[in-house]
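K.L.:
I would like to see how this sequence folds:
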Amino acid sequence: MIKEILWPAISLGGLGLIFGIILGAASKKFKIEVDERVPLVREKLPGANCGGCGFAGCDAYAEAIVSGKAPANLCNIGGEKAAKAIGEVLGVEVKAADPVVAFVKCQGTCVKSKSKYDYHGLKSCHDVLTLADVGPKACEYGCTGFGDCVKQCQFNAISVVDGIAVVDNELCTGCGSCAAACPKGIIELVPKKQSVKVACSSKDKGMDVKKVCTSGCIGCGICAKNCPNQAITVEDNIAHIDYSKCTNCGICVSKCPVKAIINK
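P.N.:
Numbering: from 1, shown residues only. Purely as a prediction, here's the structure:
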């Protein structure tokens, strides 16, 4: 009876020992060396894992920084403090990038934008576009207003007001999660210092725009003709501002006949 119990136990113990030795040897042979600076850089990042830097999370970004595959100032949340701290770890001077904030390119509120029908289904931008094509608003390019962006924001910086998403610039960290969540792609990241912006995404022209929204860009080009810095162009029937040229002078704002360009 003792032998019947003892021998299996010895056999299992022996096999465990052998496998342990094999695994130990394999772990040493195939060990991946990690630069000791990676965890130090990771400590300087905020840990939001928002993906705003273009990487899967803070761990991936830290590895990219140390390996030289990414600059050290891409973390909008950490800002200047994180950039400076990372620079100290790497032994180099790192200047923080200009802060950015999310901007919703639409003014199609419930008052300004017309509706095609009353919608009482799922409160999800993605779902309503899947089930109902472009959604209940008459403007197919406008904000759907069901808040997929709101659900993704970790910082409570975006909310839906009167049918469209609105960003609180003081709370926004520029992580870009709301932009990634918007199925229509009407949220973009702009320099925080930029006050003059085109608040429309419509590619329709003239009366086709006016039929569905009172504040939509009609592609007339008056803004471009009056810009002293040639910072505005009209493509696909909508004005685009080159922020590197724009001085926020506001001339285009005053000239726009439909008030599709804002200054705030």
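
K.L.:
list phi and psi for residue 142.
P.N.:
Main-chain dihedrals, residue 142, degrees, to the nearest 10: phi -80, psi 170.

K.L.:
surely it meets residue 115?
P.N.:
No - using CB atoms under 8 Å, residue 142 is not in contact with residue 115, being 10.5 Å away. C-beta: built from backbone N, CA, C; applies to glycine.

K.L.:
who has more neighbours, the two?
P.N.:
Each of residue 142 and residue 115 has its neighbours counted (other CB atoms under 10 Å); residue 142 has more, 29 against 14.

K.L.:
list the contacts for the more buried one?
P.N.:
By CB atoms under 8 Å, 6 or more residues apart in numbering, the contact set of residue 142 is 106, 108, 113, 164, 184, 186, 201, 202, 212, 213.

K.L.:
with adjacent residues omitted, what lies nearest to the fourth one?
P.N.:
It stands for residue 164. Closest residue to residue 164 apart from its sequence neighbours, by CB to CB, 6 or more residues apart in numbering: residue 143 at 4.2 Å.

K.L.:
could you measure from the residue most central in space within the chain over to residue 123?
P.N.:
Residue closest to the mean C-alpha point of the chain, counted by CA atoms, centre = their mean, is residue 176 at 1.5 Å. Separation of residue 176 from residue 123 (CB to CB, to the nearest Å) stands at 23 Å.

K.L.:
again with residue 135
P.N.:
Using CB to CB, we find residue 135 at a distance of 12 Å from residue 123.

K.L.:
of those two, give the one with the bigger neighbour count.
P.N.:
Ranked by neighbour count (other CB under 10 Å), residue 135 and residue 123 place residue 135 first, with 23 against 15.

K.L.:
isn't that one right up against residue 126?
P.N.:
No - using CB under 8 Å, residue 135 makes no contact with residue 126, being 10.4 Å away.

K.L.:
can I take it that residue 180 is in a strand?
P.N.:
No - if the criterion is DSSP: H, G, I helix; E, B strand; the rest coil, then residue 180 is helix and not within a strand.

K.L.:
just say helix, strand or coil for residue 190.
P.N.:
Residue 190 is classified as strand under three-state DSSP.

K.L.:
next up, the contacts around it.
P.N.:
By CB under 8 Å, 6+ apart, residue 190 lies in contact with 100, 101, 102, 103, 197, 243.

K.L.:
so where's this structure shaky on pLDDT?
P.N.:
For the chain, residues meeting the criterion pLDDT under 70 lie at 1-34, 132-134.

K.L.:
count the neighbours of residue 98 for me.
P.N.:
Residues lying near residue 98 (other CB under 10 Å) number 13.

K.L.:
do residue 73 as well
P.N.:
Look at residue 73: counted by other CB under 10 Å, it has 21 neighbours.

K.L.:
spit out the contact partners of it.
P.N.:
Listed by CB under 8 Å, 6+ apart, the contact set of residue 73 reads 83, 94, 95, 96, 97.

K.L.:
can you do 10 Å?
P.N.:
By CB atoms under 10 Å, 6 or more residues apart in numbering, the contact set of residue 73 is 53, 65, 79-80, 82-84, 86-87, 94-98.

K.L.:
relative to residue 176, how far out is it?
P.N.:
As judged by CB to CB, residue 73 and residue 176 stand 15 Å apart.

K.L.:
residue 254 and residue 243, how far apart?
P.N.:
Residue 254 is 19 Å from residue 243, where distance means CB to CB.

K.L.:
neighbour-wise, which of these two wins?
P.N.:
For residue 254 versus residue 243, the count of surrounding residues by other CB under 10 Å is larger for residue 243: 15 against 12.

K.L.:
which ones are touching that one?
P.N.:
By CB under 10 Å, 6+ apart, the contact set of residue 243 is 98, 190, 191, 193, 194, 196, 197, 231.

K.L.:
can we see that at 8 Å?
P.N.:
Residues near residue 243 by CB under 8 Å, 6+ apart: 190, 191, 194, 231.

K.L.:
ok, and the most crowded of those residues?
P.N.:
Most surrounded of these: other CB under 10 Å gives residue 231, at 20 neighbours.

K.L.:
which non-adjacent residue is nearest it?
P.N.:
Nearest residue to residue 231 in three dimensions, chain neighbours excluded: residue 245, at 3.7 Å (CB to CB, 6+ apart).
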